[in-house]
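Asks: A structural model of the following input is requested.
(2 chains)
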Amino acid sequence: MAEPMGFFTDVSVCIGCKACEVACKQWNQLSANEGGAPQLSGNSYDNTRTLDGNTWRHVRFVEDFSDDENRTQARWLMMSDVCKHCVQAGCLEACPTGAIIRTEFDTVVIQADVCNGCRACIPACPFDVIEINPVNNTAMKCTLCYDRLQAGMVPACAQACPTDSIQFGPVRELRERADVRLQELQDRGVEDASIYGREEMLGGLNAFFLIEGPPEWYGLPEDPKLPSSNNLAGEGIFAAISGVVLAVMGAISFRKLGPSRRAAEAERMNADSTNDTSRPQA
Amino acid sequence: MGRGAATTFAESHKHADCIVIEGSNMAENHPVAFRWVMEAKRNGATIIHVDPRFTRTSAMADIYAPIRPGTDIAFLGGIINYVIENDLYFEDYVVNYTNAATIINEDFEDTEDLDGVFSGLLEFEGDPINGFEYEYEAGTWQYEGFPTTRAGRQGASAQSGEADAGGQESSDAIGGQYFEDAPSGPPFDDLVEYMRPDGMPQEDPTLQDERCVFQIIRRHFSRYTPEMVERITGCPQDKFLEVAEALTENSGPERTAAFCYAVAWTQHTKGVQMIGCAALLQMLLGNIGRPGGGILALRGHATIQGSTDVPTLYHSIHGYMAHPSALAPHESVKNYLLNETQPTGYWANTPKFLVSYMKSMYGEAATEGNDFGWDWHPKITGDFSHMASIVRMAQGEIEGMFCMGQNPATSLNGTFERSALRNLKWMVVKDLFETETAAFWYQAPEVQNGDISPEEIDTEVFFIPSAGVGEMSGSFTNTQRWVQWHEKATDPPGDCRSDEWFTHQLALRLKALYQDSQLPRDEGFKNLVWDYDYDPGDYPEDTRIQGAPDAEKVLKEINGYMTDDPDQHLTSFTELQDDGSTTCASWIYCGVFPSPDQNLAKNRRPDPPGTPGSHQNWAFAWPANRRILYNRASADPEGNPWSERKRWVWWDADEEQWTGYDTPDFLTGKAPDAEADPQGIGLDAHSGTDPFIMMADGKGWLYTPSGMVDGPLPTHYEAIEAPIQNPLYSQDKNPIAKHWPVEGNEAIAPGDPDFPYVITTYRLTEHHLSGVMTRWLPWLAELQPELFIEISEELATEKGIGNTEFVRISTPRGSIQAKALVTRRLRPLVIDGNVVHVVGMPFHWGYMGVVTGEATNDLTLLVGDPNVAIHEGKSFMCNVETT
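Replies: Numbering: from 1, shown residues only, chains lettered A, B, ... in the order given. Model (predicted):
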């Protein structure tokens, strides 16, 4: 395997321009949501709302302003969220068809032509990254531009980022850079800066983040778990159940469930926008 | 400071110790240039954002200072007062490189003396279409012993096309005096020498003389105290002082600070003075001409800089020469030069620029015998800016319009503009999509709601589909003056054609129509050179489109060539002649195309990382590939760098020439100890310590005796619509502001309770201007799908407005609906003792496209800056109600 490659996404320099979102959709030919005309979310400048099968980069906006008239504490934080390409990936663990693979770059990729749309990966992801793409009805997410990597190119989002908030490279190097950057910020008095996705988290997130404030501001779980960790009986039984599910799936194609699933997704998106408690009091 | 451009380039910000972004939301609207601000921040620089709203730029800043829209001169004036009263100015720089020491005419009276106006205020008696009520006669503003009469380059005619106050309409007249004995040309050297005033301006290098510029400035800004800054701007004093301290601590020999601004400084009735105020401050701090310093004017379009260099402006011809005017004494080349040439400084070469330009217009037909075709050249007869033209249209004076890259139906006071469009007989709209302007006759709100029926509109609309950038070759000139070539990647689809194709074909057809005319007025069109067809055999083969012009031929004409040998391109504007032997459309671009096989706009060799990075081999920066203007000022009077840290251009005593990381903006061999010639013309009148080569005296002008129609110094005035009266003077507003008091363009009085909220309008990073390039693209439209109004939590609570609820926003001009975006990023300000709410609206929406919404510009009004006729869209008053 080539050296593990990944993203280091730095909240402290993200300007929320969403160039990453557009570059991603353009390169990967993902359609616009609601034909390009969704409703205003009312959640700061975030009208994308969530990562899903059709949106693989999502810039979150966090308005952190104190309650006093002069807003002595005033921050507007932006974070370009993406698939974490976990070293221990729940989606890969749950996929019964082998559609989800670990590539030579140590990234996690769903092969659309193998995926049968069973959705097992969706709840298996502790970060809510994966959803069914409404166009081809398979599970989809960021591939870390596997096609570009194979051609020796930088992923589209990192290429488009004007402030180097999204950095692409060997994970080992990125982690060193992130530590330097974290130290700089702490020296400048940004006390709540931290690295999210170090090695102890699911073996390390190959797409990791430098954030300011607690992870839940960005919709990130404090302590993400693999689906297998919920299974106290142990790996053996989990594997056996998987085997049964796999057999069933061989017979049924889930891809035809598209339209009703889309309606459910739309409902969920609306629920998300009204129940968004992740950001501080705005 | 003498050139219409940014003094620096974005990458130079990496050398800055402090960057003040004011009048700009740089992170949102210039995200690519902003990467160098982020680089500076990584290097430890202090980033400051001064703005009414906490934006994505504020989010990246170390210090955010809130201010009320339109009060930037009060804020900057406060810093100027702080700098002077605390002796924080860069004394060696100020005394040697600026006009601080120059003595001003004893008859000059300041706003301090006249309660808010300068001496020379007169009632305007010209054509009301020019939008003026008053004008200034600038005679008393001049340097002692240097009357206006021979100064040349009169501000009024250069900027607005109107004659100077007291100007004559007869031959050989300047400022009311006749100069029948003035020698003619070519050559015009004798004329320039004739215009040369005797001697040099008087100076007091101790800066103590009561009438020296420094003392005038000290008095002028003495009332701009931190208390007054807070009272006018609403910025708390401690926050203001934090900004002032950070800026001054990061300026001086060892450190530099930069300013960035954009249209939030230009779109005011005193916009040019706001920019001038920043220039004044930056010169006091010694930050001009140095790495990490300067003022970066951020442009909002891909080549808006190019569109003023080779202009689409009505008041300027190529290279920032005044447009010939029928209202100024411009009856001949000689008379134009008598009025527009500045005999000292680099503008003394105006005869060479002008005659070479006339040759580019009329070619062989332009001869000395016919005054180089002067009578054929159009002369303006007043204000033909956007706003005045719309008023003319509303009054039925304009029959037809070509509308390319503009969307007036959603522009300033949109309801009024659409009513004007209804008076046209024909209109050609050439754009990428069917814009609001193209569809105004059937989709506009007044048509949709039944007030007007399409049958009542006689305007015949022709829609011509356009090509995109990748579908044509040509050059862009970006915000930092870099001319960059781009190659066509593919043919445009269907009937879409580039603007250059369309313009070329239109011109060819018009010339064919005129060719048999015997009317004298058509001589100009008949003689106009239009030779941009490809040479036989050169037409590109990989295209299905025929009839396109050769874009490099256009660049060649802009660059210039020897008239007798067109294959011999000019390599520098120093080669220009005033006798017709050189042809050059825009002298400032001279050198971009120095030989037929060398188009420097195509250069793509960057400097390696870790070097100072002036990138001399990446594209071409006008003038003469200089990346930082006035860079002589990066060295001390003796020619040594002010400090090792801030080394950029310096005098090499061994080689006896200026050298450094950049092309020196100075005569290469002129030693620092060279003395000025009191009788000399051009640069001979400057010494080796005069870095501002475009200025008559070689100095950076803290005080502008000519060139500004609304005063020699920036002064705080309230916007035309404001919540309060001016706390500084009984003169409330800029007395020279342009205003068109026509029906449908009414303004409110200060403090009108029906319109209590200050509103500012702006762009989002997700959309471009009126949205024509973004609202039709689903990938961009989805990012900001609906029009909104940003409202503080406090105002939302007071009015009972919930997040995402529809509200109605109204002004005397219009009333629109938008969704409320309630946020703590906006905050109420305490202005002159009272709470004032500021609301903000982006202006990207209209009634066509993938995402639609009402036009924010239906709220704005037609008032503008007197120098450049830009509207005041950044600060006016409105009401907000729940629906």
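Asks: Pick out the residue in chain B sitting closest to chain A.
Replies: Of all residues in chain B, the one sitting closest to chain A is B:P778 (2.7 Å; Cβ to the nearest Cβ). Backbone N, C-alpha and C define where each C-beta goes, glycine included.
Asks: which ones are touching the closest residue to that residue other than its chain neighbours?
Replies: Excluding its sequence neighbours, the residue lying closest to B:P778 (Cβ to Cβ, 6 or more residues apart in numbering or on different chains) is A:G36, at 2.7 Å. A:G36 makes contact with B:777-782, B:785, B:850-851 under the criterion Cβ atoms under 8 Å, 6 or more residues apart in numbering or on different chains.
Asks: Tell me which of those residues fall in helices.
Replies: Within those, residues falling in helices by DSSP state H are B:778-781.
Asks: How about the secondary structure of the closest residue to B:D652 other than its chain neighbours?
Replies: Among residues not flanking B:D652 along the chain, B:T659 sits closest, at 4.7 Å (Cβ to Cβ, 6+ apart). Secondary structure for B:T659, judged by DSSP: H, G, I helix; E, B strand; the rest coil, is strand.
Asks: Could you count how many residues lie near B:T659?
Replies: 12 (other Cβ atoms under 10 Å in any protein chain shown).
Asks: So it is in contact with B:A653, correct?
Replies: No. Using Cβ atoms under 8 Å, B:T659 makes no contact with B:A653, being 10.5 Å away.
Asks: got the residues of the stretch 51-200 of chain A near chain B?
Replies: For the stretch 51-200 of chain A, the residues in contact with chain B (Cβ under 8 Å from any Cβ of the partner chain) are A:63, A:65, A:69-71, A:74-78, A:162-164, A:184.
Asks: Now for the residue of chain B closest to chain A, how many residues are close by?
Replies: Residues lying near B:P778 (other Cβ under 10 Å) number 19.
Asks: Let me see the confidence value for it.
Replies: As predicted, B:P778 sits at a pLDDT of 97.
Asks: ok now do it, which residues does it touch?
Replies: Per Cβ under 8 Å, 6+ apart, neighbours of B:P778: A:31-32, A:35-37, B:850.
Asks: Going through these, which ones are buried?
Replies: Burial by neighbour count, judged by 16 or more other Cβ atoms under 10 Å in any protein chain shown, picks out A:31-32, A:36-37, B:850 from the contacts of B:P778.
Asks: Just the closest of these to A:F105, please.
Replies: A:S31 (26.6 Å; Cβ to Cβ).
Asks: you'd agree that closest one is up against A:M140?
Replies: No. Counting by Cβ under 8 Å, A:S31 does not reach A:M140; the two are 11.5 Å apart.
Asks: Can you check which residues contact both of those two?
Replies: Contact criterion Cβ under 8 Å, 6+ apart; residues shared by A:S31 and A:M140: A:N54.
Asks: Closest residue of the stretch 1-150 of chain A to chain B?
Replies: Of all residues in the stretch 1-150 of chain A, A:G36 sits closest to chain B, at 2.7 Å by Cβ to the nearest Cβ.
Asks: Roughly how far does that residue sit from B:V850?
Replies: 5 Å (Cβ to Cβ, to the nearest Å).
Asks: list the contacts for the residue lying farthest from the centre of chain A?
Replies: Most distant residue from the mean C-alpha position of chain A: A:E69, 35.8 Å away (Cα atoms, centre = their mean). Listed by Cβ under 8 Å, 6+ apart, the contact set of A:E69 reads B:827-828.
Asks: And for residue 124, the neighbour number?
Replies: By default, I'm working from chain A. Around A:A124 there are 19 residues (other Cβ under 10 Å).
Asks: The chain in question should be chain B.
Replies: 17.
Asks: before we move on, what about B:P608?
Replies: B:P608: 7 neighbours (other Cβ under 10 Å).
Asks: what's the spacing between it and B:Y134?
Replies: B:P608 sits 56 Å away from B:Y134, going by Cβ to Cβ.
Asks: related to what we said a few turns ago, what about the buried ones among the contacts of B:P778, which are in strands?
Replies: Of the buried ones among the contacts of B:P778, none are assigned to strands by DSSP state E.
Asks: Make TSV from these and add pLDDT and distance to B:I831 to it.
Replies: Putting the buried ones among the contacts of B:P778 into TSV (pLDDT from 0 to 100; distance: Cβ to Cβ, whole Å) gives the following:
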residue	pLDDT	distance to B:I831
A:S31	96	48
A:A32	96	42
A:G36	96	40
A:A37	96	39
B:V850	97	40
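Asks: From those, pick the one nearest B:I816.
Replies: B:I816 lies nearest to A:A37 out of these, by Cβ to Cβ, at 18.9 Å.
Asks: Grab the longest strand from chain B for me.
Replies: Across chain B, the strand with the greatest residue count (assigned by DSSP E) is strand B:815-823.
Asks: Give me the contact list for that strand.
Replies: Surrounding strand B:815-823, the residues in contact under the criterion Cβ under 8 Å, 6+ apart are A:40, A:42, A:44, A:63, A:282, B:786-793, B:796, B:801-810, B:841, B:853-856, B:858-859, B:883.
Asks: from the residues you listed, which would you call buried?
Replies: Applying 16+ other Cβ under 10 Å to the contacts of strand B:815-823 flags A:40, A:42, A:44, A:63, A:282, B:786-793, B:796, B:801, B:803-804, B:807, B:809-810, B:841, B:853-856, B:858-859 as buried.
Asks: just the helices in chain A please.
Replies: Per DSSP H, chain A carries helices over the ranges A:19-28, A:90-94, A:121-124, A:146-150, A:156-160, A:171-187, A:235-251, A:258-274.
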